[in-house]
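Asker: need a structure here:
(chains A and B, ligands or ions: 1)
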Amino acid sequence: MKIYLISLFTFLIYAGSASSQIINKKQLSVRQTGYRIDAKLDPVTKTISANMEAFWVNMSADVVPDIQLHLYMNAFRNSRTTMNVESGGSSDKKQSETGWINIKSFSDRDGNDMIANMNFISPDDGNDNDHTVLKVKLSEPAVPGDTVFIKVVFETKLPLITRRTGYSDDFFFVAQWFPKFGVYEPAGMRYATKGGWNCHQFHANSEFYSNHSLYNVTITLPVEYVVGTGGVLMNETSPDSTGRNKTLTYRAEDIVDFAWTAWPGYKVFTDQWENVKISLLLPNDRIEQVGRQFTAVKYALEYFAKNVGPYPWPYLTIVDPPSKGARSGGMEYTTLFTSSSSYMMPEFAHYPEMVTIHEFGHAYFMGILASNEFEEPWMDEGINSFWEERIVDHYYGENSGLINHPFLKVSDEALARLSYVHSGARQDVTNKEYSWNYPHGTYGMMSYDKTATVLYTLMGIIGEETTNEVFRAYYKKWAFKYPSGKDFIDIVNEVVTKRWGDKFGPDLNWFFDQTLYGTGICDYKVANILNSRIDTTGVEISGAHTIKKDPKTNEIRFKSEVQLERAGEVMLPVEVLVHFKNGKEVMESWDGKSRIKDFVYTGENEIEWVKIDPDFKITMDVNYVNNSMTLYPDRIPVRRLTNKLISFMQFFMNFFFL
Amino acid sequence: MKILNSLKTGMLRSMKLWKGILITWFCSFLLVSIVAIPMKSALNAGFGNSMITEKLSKGINIEVFADLGDSLKNLISYFSGGLFMILLVGFLLNCFLSGGLFSSLKGISGTFSSSKFFIASVKNFRSFFFISLLISLIILSLAIIIVVFPVIIASHSESSPDGSGFRTAILVTSFFVPVLALVLLAADYGRAWQVAHDKNNCFKAIGFGFVQTFRTFFSSYPLMIILLLAQVMFGWLVLEILPGFRPVNEAGIIFLFLLSQMLFFIKILLKTWRYGSVTKMMELDIAEKINNTQA
Ligand SMILES: [Zn+2]
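Answerer: Numbers count the residues shown, from 1 in each chain, chains lettered A, B, ... in the order given. Okay, the predicted model is just below:
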């Protein structure tokens, strides 16, 4: 009874704070879920003992009989979990390297023990050995408007760092570490036709899906640890009576996940962009990269704010893990993300900047626009890669965003394009797959690289400003909600028709059906250039090698022709630039639908060269080499290259021989 | 004084040997052309009449090459095969030609004659081959022991701080280079000794090389360091000039060709200077020994 009273008391206070504003001026999301967690890290046993109180509000019109929670850490329990089976059936690890989460007690608002109501389910693959989804039958079904409170005591054993979570020596990156509600999707939300929990198991290729939540988290750990979290530090106690531990209290509002890191070796730096306070945690060895990291994230903040929408939190934490924790690098938790770098990272390689910009971008595509990463991974990884590439190339050089060295320049966009267009599996699957269903290791290529390339192509067709308008509209309508792919495409259709009328047809579904949701490739090529002399009546004069003037009109007339082909299945509108020998140029438009297309000209001029898509807007085109043809190919670049190759080999020999 | 004398004489004799250097240059050019010229044709065929090569105006563009598709794969395998062939044939060629060079650098060799050059190349080939092979193996083993192992160990230890692999690499390399200079000295002394003796005896030559290196350490070692520094600085200069130079017209291409080959000629000259200086140093030392015994 006493317990009951205390619980009720804390729950009431907690419920009250659920809508209170501490960090942001106004509430950003509806906060359907919230968590208060008191966690204690034991760095020796690599475990976290925690008490958690959490709520879920039934905002649907359904009577919901149960709740479903992710217990992600159980994916690392043994070799038979879905995660480990999908990763190639790794053999059993040492006990110290496994990870798991054990529920020690589970009670409801009234203090009723609910352990007996718990059972593990495997909605995706029926694997009984997978304990990453917990279903708990409620004592009483939740009617519309009900708030379900739970109180859980749990222990999480961290794995040796894997899938971006775990420990390595005295380094800790703690993610997916607490029991977390799935998303209840009522009929009409995304693709749901009837209400139900969307709570997938933890797969090898998959990320997450959660409601925007409120987090109040206390972390107790040894005093020497430097901590970074996705929240704001509200309080820090001085060391306890033993002098060994300290307790840090954090709060985060409207984020979809709460992760934290602890390592005694972090150095902390801070900077400011407009009203956003940026903290950076990194190892001592990378202090010379502090400026690079801040500059990169400020570029991203600026670009997103200008072209998509505001970054609504007043803080941001960047973690650049030390090399022993490198496997936690490159991951996003909205207000905290991990970059990836190394000691002595050369200035010309913008790899850390790229990772920072990418992971920051997830604050938008996943954090604010909380798509379902399990089911439509292209919506976060692909859209975000598109923006990452735009930002990296915009600020670090259109041709040299990723690598800017006198010997080699590589743009971020080019690398993604090549990964897709030269993948042997580029036609194996569409982007209509759940993330773990992509076959033959195509998950990354499809969800990141092909999607980004598709979006670049879309931008090539509808224009950069319209593309930005699309994303502004997407943000405006779907921020702090749960958009599906269809919702995104609806926005594209809406904005494009508003801006361009029916220039591209009644909608752009034809585009997405062929590209994002299709397996065809796009390949336009120039087949031939033909110039022939004609007489005044337009009849070809054949076999004449020396061109004579027409005696009647005293001018030479030609029939000039470019022959184009569509070698791939994908049909996209393309521009064709035809250049004549006298310098005259004609820009033609081709709807790209027919298999072959000829442009024929008669007059005093011969065609010298032709380029399909001269500005390389159709980045999906799998072969740029065949996009152009000239009668007078420039051999200088190849000769220059051969020359340098000869020198390279000569010096190479001379260097190695005594 | 001995050092300056050796450097000066070494340089003078190398310059006089310009025809020998020219032969060396020509052979190397021929060898790499065997690989480079077909690659050029293959690239031209791959690009065909495309204008994509415009994208190469700002340097290597990976998209241009990647989009060559299968032709690129063939090119890469051809190039790696070619490079291997160059290493193999080049090694033999170097053993052969350095015999002629060393022989022509002797104090008593008189005016250059290409027949004498080639006769010496043939005569010393067997010994030079084994000297080069053994010394190369010694260098390789030292590199593995001094550089590779420590770096692997440093970068794979769990608890070591960030960048320890890199720092170890710098540390051990700075230890390896001075050792390398010693081994090169032994190789040069060995070869200088060999060309001064009729009988092919590579082991005796290497033995002499090492003994001479340590016996005359205080004059030989600084000499070698100076010569190596000159080569390194020249190498740096070449890296500054060549890669960034991107001519766009016929005249520019011809200029690039002449410039790059001239630079490589100088590179051979610098190496010959090393051979000549060490040869002179050996001669000075022997003369000194004879003087001492007479006194
Ligand atoms: Zn990502």
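Asker: Check the burial of whatever residue of chain A ends up closest to chain B by counting its neighbours.
Answerer: Nearest residue of chain A to chain B: A:Y343, at 2.8 Å (Cβ to the nearest Cβ). (Each C-beta comes from the backbone N, C-alpha and C, glycine too.) Residues within reach of A:Y343, counting by other Cβ atoms under 10 Å in any protein chain shown, total 19.
Asker: isn't it right up against A:R286?
Answerer: Yes - A:Y343 is in contact with A:R286 according to Cβ atoms under 8 Å; the separation is 6.4 Å.
Asker: just checking, next helix/strand downstream of the helix or strand encompassing A:R499?
Answerer: Following DSSP states H and E, one finds A:R499 within helix A:485-500. With elements assigned by DSSP H and E, the helix or strand that comes after helix A:485-500 is helix A:509-514.
Asker: From the contact counts, what lies against that next one?
Answerer: Judged by 3 or more Cβ pairs under 8 Å, 6 or more residues apart in numbering or on different chains; DSSP states H and E, the packing partners of helix A:509-514 are helix A:485-500.
Asker: Packing partners of the helix it packs on?
Answerer: Helix A:485-500 packs on helix A:451-462, helix A:464-478, helix A:509-514, going by 3+ Cβ pairs under 8 Å, 6+ apart.
Asker: if you set the cut-off to 7 Å instead, what comes out?
Answerer: Contacts defined by 3 or more Cβ pairs under 7 Å, 6 or more residues apart in numbering or on different chains; DSSP states H and E place helix A:485-500 against helix A:464-478.
Asker: Just want the angle from the helix it packs on to helix A:485-500.
Answerer: Inter-element angle recorded for helix A:464-478 and helix A:485-500: 130 degrees (by axes from the mean of the first three to the mean of the last three Cα atoms, to 10 degrees).
Asker: Which residues does helix A:464-478 contact?
Answerer: The contact list for helix A:464-478, computed with Cβ atoms under 7 Å, 6 or more residues apart in numbering or on different chains, reads A:307-309, A:369, A:458-459, A:487-488, A:491-492, A:494-496, A:499.
Asker: Now list the buried members of these.
Answerer: Neighbour-count burial (16 or more other Cβ atoms under 10 Å in any protein chain shown) applied to the contacts of helix A:464-478 gives A:N307, A:V308, A:G309, A:L369, A:L458, A:M459, A:D487, A:F488, A:I491, A:V492, A:V495, A:V496.
Asker: A:R390 versus the fifth one, what's the distance?
Answerer: Yep, that's A:L458 we're talking about. Separation of A:L458 from A:R390 (Cβ to Cβ, to the nearest Å): 12 Å.
Asker: same question, the last one
Answerer: Here A:V496 is placed at a distance of 18 Å from A:R390 (Cβ to Cβ).
Asker: now do the third one
Answerer: Distance, A:G309 to A:R390, by Cβ to Cβ: 15 Å.
Asker: for the second one, same thing?
Answerer: From A:V308 over to A:R390 the distance is 11 Å, taken as Cβ to Cβ.
Asker: domain parsing for chain A?
Answerer: What automatic domain parsing lists as the domains of chain A is A:1-230+A:255-262, A:384-514, A:524-633.
Asker: how about these in TSV, adding distance to A:L248 and mean pLDDT?
Answerer: Below are these laid out as TSV (distance: least, Cβ to Cβ, whole Å; pLDDT from 0 to 100):
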stretch	distance to A:L248	mean pLDDT
domain A:1-230+A:255-262	5	91
domain A:384-514	27	95
domain A:524-633	46	87
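Asker: closest one to B:F265 among the ones you listed?
Answerer: domain A:384-514 (23.4 Å; Cβ to Cβ).
Asker: For the stretch 201-350 of chain A, which residues are neighbours of chain B?
Answerer: Counting by Cβ under 7 Å from any Cβ of the partner chain, the stretch 201-350 of chain A comes close to chain B at A:P283, A:D285, A:R286, A:P322, A:S323, A:K324, A:Y343, A:M344.
Asker: Any chance of the backbone angles for the first one?
Answerer: Note on A:P283: backbone dihedrals following degrees, to the nearest 10 are phi -70, psi 160.
Asker: Quick check: it touching A:P322?
Answerer: Yes - between A:P283 and A:P322 there is a contact under Cβ atoms under 7 Å: 4.1 Å.
Asker: Neighbour count: the two, which is higher?
Answerer: A:P322 (27 against 24).
Asker: ranges for the helices of the chain?
Answerer: I went with chain A, as the question did not name one. Here chain A has its helices, by DSSP state H, at A:2-18, A:82-86, A:290-307, A:351-361, A:377, A:383-396, A:412-421, A:443-444, A:451-462, A:464-478, A:485-500, A:509-514, A:636-656.
Asker: Oops, wrong one, chain B.
Answerer: For chain B, the helices defined by DSSP H occupy B:2-16, B:18-47, B:62-66, B:70-104, B:114-142, B:149-156, B:164-196, B:202-215, B:217-241, B:250-294.
Asker: The residue of chain A closest to chain B reaches A:I287, doesn't it?
Answerer: No - checked against Cβ under 7 Å, the pair A:Y343 and A:I287 is beyond contact range at 10.4 Å.
Asker: what residue ranges in chain B score low on pLDDT?
Answerer: B:109, B:157-163, B:295 (pLDDT under 70).
Asker: Spit out the contact partners of the residue positioned nearest the centre of chain A.
Answerer: Central residue of chain A (Cα atoms, centre = their mean): A:E381, 2.2 Å from the mean position. Applying Cβ under 7 Å, 6+ apart, we find A:E381 in contact with A:S447, A:Y448.
Asker: Distance of it relative to B:N292?
Answerer: For A:E381 relative to B:N292 (Cβ to Cβ), the value is 79 Å.
Asker: cool, and A:K277?
Answerer: Relative to B:N292, and taking Cβ to Cβ, A:K277 is found at 79 Å.
Asker: In terms of neighbours, single out the busier of those two.
Answerer: A:K277 (14 against 8).
Asker: List the contacts of the more buried one.
Answerer: For A:K277, counting by Cβ under 7 Å, 6+ apart, the contacting residues are A:T270, A:P314, A:Y315.
Asker: Looking at strand pairing, list the partners for the last one.
Answerer: Beta-bridge partners for A:Y315, by DSSP bridges, are A:K277.
Asker: interface residues of the stretch 51-200 of chain B facing chain A?
Answerer: B:51-53, B:56, B:58-60, B:62-63, B:66-69, B:86, B:90-91, B:94, B:132, B:135-136, B:158-159, B:161-163, B:166, B:184, B:187.
Asker: sorry, back to before: I'd like the helices of chain A laid out as CSV, including distance to B:L31.
Answerer: Listed next are these as CSV, based on distance: least, Cβ to Cβ, whole Å:
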stretch, distance to B:L31
helix A:2-18, 77
helix A:82-86, 52
helix A:290-307, 44
helix A:351-361, 37
helix A:377, 52
helix A:383-396, 40
helix A:412-421, 33
helix A:443-444, 43
helix A:451-462, 42
helix A:464-478, 51
helix A:485-500, 58
helix A:509-514, 51
helix A:636-656, 8
